[in-house]
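K.L.:
A predicted structure for the sequence below; I have some questions about it.
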Amino acid sequence: MNQFVTQAITLITTAISYGTVIMYGSLGEILTEKSGHLNLGVPGIMYLGGIGGLVGSFIYEMNTANPIPAVCLIIALLSAIICSVLGGLIYSFLTITLRANQNVTGLTLTILGSGVANFFGGSLSKLAGGVGQISVAVTSSAFRATQHLTDGLGAVDRLLFNYGFMVYLAIVIAVLMSFFMNRTSKGLNLRAVGENPATADAAGINVTRYKYLATCTGAAISGLGGLYYVMDYINGTWANDGNIEALGWLAVALVIFATWKPLRAIWGAFLFGALYWLYNYIPGLTRSSQQIFKMLPYVVTIIVLITVSLRHKKEDQPPSSLGLSYFREDR
Amino acid sequence: MIHISKRVDFTLFKGRAAGLNRFVGWGVRLIAVLLSLVVSGLLIYAITRLNPLKVYGVMANGVFGTPRRTWAWLRDLALLLCISVGLAPAFKMRFWNIGAEGQVLVGGIATAACMIFLGSTSIPSVLLLVIMACAAMAAGAVWGVVPAVFKAKWNTNETLFTLMMNYIAIQLTLFFIPKWEHPKGSNTVGLINAVTNRGWITPIVSADAISKMDPNAWTTALVKNTVGQSYFINLLIVLVITVCMYFYLCRSKHGYEIAVVGQSENTARYAAMNVKKVIIRSMTLSGAICGLGGFLAVAGADHTISTATAGGRGFVAIIVAWLAKFNTFVMVLISAMLVFLEKGAVAIASEFSLSNDVSNIITGIILFFILGSEFFINYEIKFSKRSGKGA
């Protein structure tokens, strides 16, 4: 029984840290989609955020004798946000101003983001003069610092206080976003833009500005997911294994699972994390059948997608103008 | 004051670029490609300090330097083109089939399964290849038709549905790899039927036959570099599909129905077209051709199956199909360019010991430029002297 409890705790903590990456990605995407833009570039943006933070703190740590953890944090966060917002800006300019197709632009952004990130991740040490494996120890430990209540061994400590600050930040962002979208007039305007931009435009809402702001802020939030993955989940290094891309697509799936609601994304993310890692805790699985378990998040998402379309519940539907560009003079 | 207005175009059926004169439209795209090459050149210079012109020379040599390299280019071109052509009916119908990656993979799985389980039987080789191709097409069609049925019946969002199907296909591939792995413990399938070559697409004229020909005659060289190449068949199959698809979309009743449904479902209904039937039929076709892409990848190129069998081509093909405006002949040009860039960038990377990912950066930049240029083709910008008011 005791072993069972230990295993359960390990599963939950793994699910929470893994889920946090997905949560950031999907929170950003929820904000973007609420403005009517389906950004399939989330994996690319997460890549950009991850590599941006890594390169920023790498340069700082390499050029400073005694890096200060707080400065490391700020530099990593800022450079991650700048890089991911740049990615978001490319997407916004093409889809909002130039009205390019959103799916195609998003997919291109994913290609570009993964290219840029893996290129710099792979070539960084060579370009910087051959220092070997990139490692940003100080920044990473600042990201991973935990605040335990007691000695850090009790069940409560291990379940609730065993994470770097970004896990809690994700939950705070989700709550704030939910409040913003459902309880403020700006949030109402944003939802109006996503539902019917022509009506919103007629009501005097600056559609272009809302779309730009939502997409770029969304990109910043998604990019933090990449940063969290790089700095906390894999301890401040770079792995060219396509994991960020897989997580990015899980984030897109989570948006559907959460039916475009930030609060649902919180537990949805943890559920996705748990489903993904469940195979580790089920005895007697072969290497083959493990893969069937990893399929679960996607299967669950499809089921949600179908149920949502079957039930026609108004509050669960995607934003009506999702994926369509808005041109004022269109009929 | 800037005033933007849409160029109007009422040609529905022939699928040409809207508005602008066709040639001006292509001129705009050409300028976009040239601009993007300048930007990528500057980027390469910024990173490597190498002369960009020299870099492009290395690229050309890396792709066309030897017949072998050129055939590798043609092989990848054929695969990308096959998937793009497969997407054409779906996209023309405005059905966002983002699931090509998955459809290719399940096609590949079906092909590999046939190779493994029927490879040791005494079925004639040609028949075996036909069975494999049919199995691949059936698998791809199933993968494509499931989201289509839900879209047709309950209007389930097809973009997200097909996207999820990709990952189920990837996990399915990972499920089969340990079952079929060879050698044991390698976690890869390895070359299937490496000794017997059963189920491999082999050259029409074998290497033996060529060696018996007069080595000095020009025909020998010609035969050796065309029908003597195993990728020749891949190319041939895909070109036939490309031509057929062009006429299917532009000259057949089905193609017309697809175009009408794509423009307006209500119009289609008003014209007494069975929209559900059109959606399901077109997606079956789309999935089947993408599945055939999986067959070409496994039987005609890799002779193994892994998650890299599709290798992101399913996503790139979406961009190709969209940029070509569903014209399959334009797809040939665009996929030729993209595969050239990919191969060329890999050549740069190995020449200057950079990471291969540089190819994704260049591809991304060029696609962004072409996507942006569409705006100037679809919209008209007028500058008026009045300031303040207007628009």
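P.N.:
That came through fine. Residues are numbered from 1 along each chain as shown, chains lettered A, B, ... in the order given.
K.L.:
so where's the chain uncertain?
P.N.:
I went with chain A, as the question did not name one. Scanning chain A for pLDDT under 70 picks out A:1, A:125-134, A:149-153, A:331.
K.L.:
try again with chain B
P.N.:
In chain B (pLDDT under 70), the answer is B:1, B:8-22, B:385-391.
K.L.:
from chain A, how far out is the residue nearest the centre of it?
P.N.:
Most central in chain B under C-alpha atoms, centre = their mean is B:Leu80, positioned 2.7 Å from the mean C-alpha point. B:Leu80 sits 13 Å away from chain A, going by C-beta to the nearest C-beta, to the nearest Å. To be clear about C-beta, it is placed using only N, CA and C from the backbone, and glycine gets the same treatment.
K.L.:
next helix or strand past the one helix or strand that residue maps to?
P.N.:
Assigned by DSSP states H and E, B:Leu80 belongs to helix B:67-92. As assigned by DSSP H and E, the chain's next helix or strand after helix B:67-92 is helix B:100-118.
K.L.:
for that next one, buried residues please.
P.N.:
B:100-116, B:118 (16 or more other C-beta atoms under 10 Å in any protein chain shown).
K.L.:
so which residues on the stretch 1-150 of chain A come close to chain B?
P.N.:
Contact residues, the stretch 1-150 of chain A versus chain B (C-beta under 8 Å from any C-beta of the partner chain): A:38, A:40, A:90, A:93-94, A:97-101, A:103-105, A:107-119, A:122-123, A:126-127.
K.L.:
and those residues, which are buried?
P.N.:
Applying 16+ other C-beta under 10 Å to the residues of the stretch 1-150 of chain A next to chain B flags A:38, A:40, A:90, A:93-94, A:98-101, A:103-105, A:107-119, A:122-123 as buried.
K.L.:
where helices are concerned, which of those count?
P.N.:
If you go by DSSP state H, those have A:90, A:103-105, A:107-119, A:122-123 in helices.
K.L.:
what are the buried residues along the longest helix along chain A?
P.N.:
Ordering each helix of chain A by length in residues (DSSP H) puts helix A:2-34 first. Using 16+ other C-beta under 10 Å as the test for burial, helix A:2-34 gives A:11-34.
K.L.:
now stretch A:255-265
P.N.:
A:255-262, A:264-265.
K.L.:
then stretch B:349-356?
P.N.:
Neighbour-count burial for stretch B:349-356 flags B:349, B:354-356 (criterion: 16+ other C-beta under 10 Å).
K.L.:
next: stretch B:316-331.
P.N.:
B:316-328, B:330-331.
K.L.:
what's the answer for stretch A:197-209, then?
P.N.:
Buried residues in stretch A:197-209, counted by 16+ other C-beta under 10 Å: A:197, A:200-201, A:205, A:207-208.
K.L.:
among those residues, which lie within helices?
P.N.:
With helices taken from DSSP H, the overlap with the buried residues of stretch A:197-209 comprises A:197, A:200-201, A:207-208.
K.L.:
which two in those are spaced the farthest apart?
P.N.:
Largest separation among those by C-beta to C-beta: A:Ala200 and A:Thr208, giving 10.9 Å.
K.L.:
which residues of the stretch 1-150 of chain B lie near chain A?
P.N.:
Counting by C-beta under 8 Å from any C-beta, the residues of the stretch 1-150 of chain B close to chain A are B:4-6, B:47, B:96, B:98, B:150.
K.L.:
nearest residue to B:Ile377 in space, please, no chain neighbours.
P.N.:
B:Gly25 (4.8 Å; C-beta to C-beta, 6 or more residues apart in numbering or on different chains).
K.L.:
so which elements touch the helix or strand harbouring the one you found?
P.N.:
Take DSSP H and E as the rule and B:Gly25 turns out to sit in helix B:22-48. Applying 3 or more C-beta pairs under 8 Å, 6 or more residues apart in numbering or on different chains; DSSP states H and E, one finds that helix B:22-48 contacts helix B:52-64, helix B:358-378.
K.L.:
how about the shortest one as PDB, C-alpha atoms only?
P.N.:
The C-alpha atoms that make up helix B:52-64 are tabulated as PDB, following Å, rounded to 0.1, in the frame of the first residue of the first chain:
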ATOM      1  CA  PRO B  52      25.900  33.900 -49.900                       C
ATOM      2  CA  LEU B  53      26.500  33.400 -53.700                       C
ATOM      3  CA  LYS B  54      29.000  30.700 -52.900                       C
ATOM      4  CA  VAL B  55      26.600  29.200 -50.500                       C
ATOM      5  CA  TYR B  56      23.900  28.900 -53.200                       C
ATOM      6  CA  GLY B  57      26.600  27.400 -55.400                       C
ATOM      7  CA  VAL B  58      27.200  24.700 -52.800                       C
ATOM      8  CA  MET B  59      23.500  24.100 -52.600                       C
ATOM      9  CA  ALA B  60      23.200  23.600 -56.400                       C
ATOM     10  CA  ASN B  61      26.100  21.300 -56.400                       C
ATOM     11  CA  GLY B  62      24.700  19.400 -53.400                       C
ATOM     12  CA  VAL B  63      21.400  18.700 -55.300                       C
ATOM     13  CA  PHE B  64      22.500  18.300 -58.900                       C
END
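K.L.:
so what secondary structure elements neighbour it?
P.N.:
Using 3+ C-beta pairs under 8 Å, 6+ apart, the elements in contact with helix B:52-64 are helix B:22-48, helix B:67-92, helix B:328-351.
K.L.:
which of the ones you listed sits most buried?
P.N.:
Of all the helices and strands packed on helix B:52-64, helix B:67-92 has the most neighbours on average by mean count of other C-beta atoms under 10 Å in any protein chain shown, namely a mean of 25.
K.L.:
for it, packing partners?
P.N.:
Using 3+ C-beta pairs under 8 Å, 6+ apart, helix B:67-92 sits against helix B:52-64, helix B:100-118, helix B:231-251, helix B:253-263, helix B:275-297, helix B:313-323, helix B:328-351.
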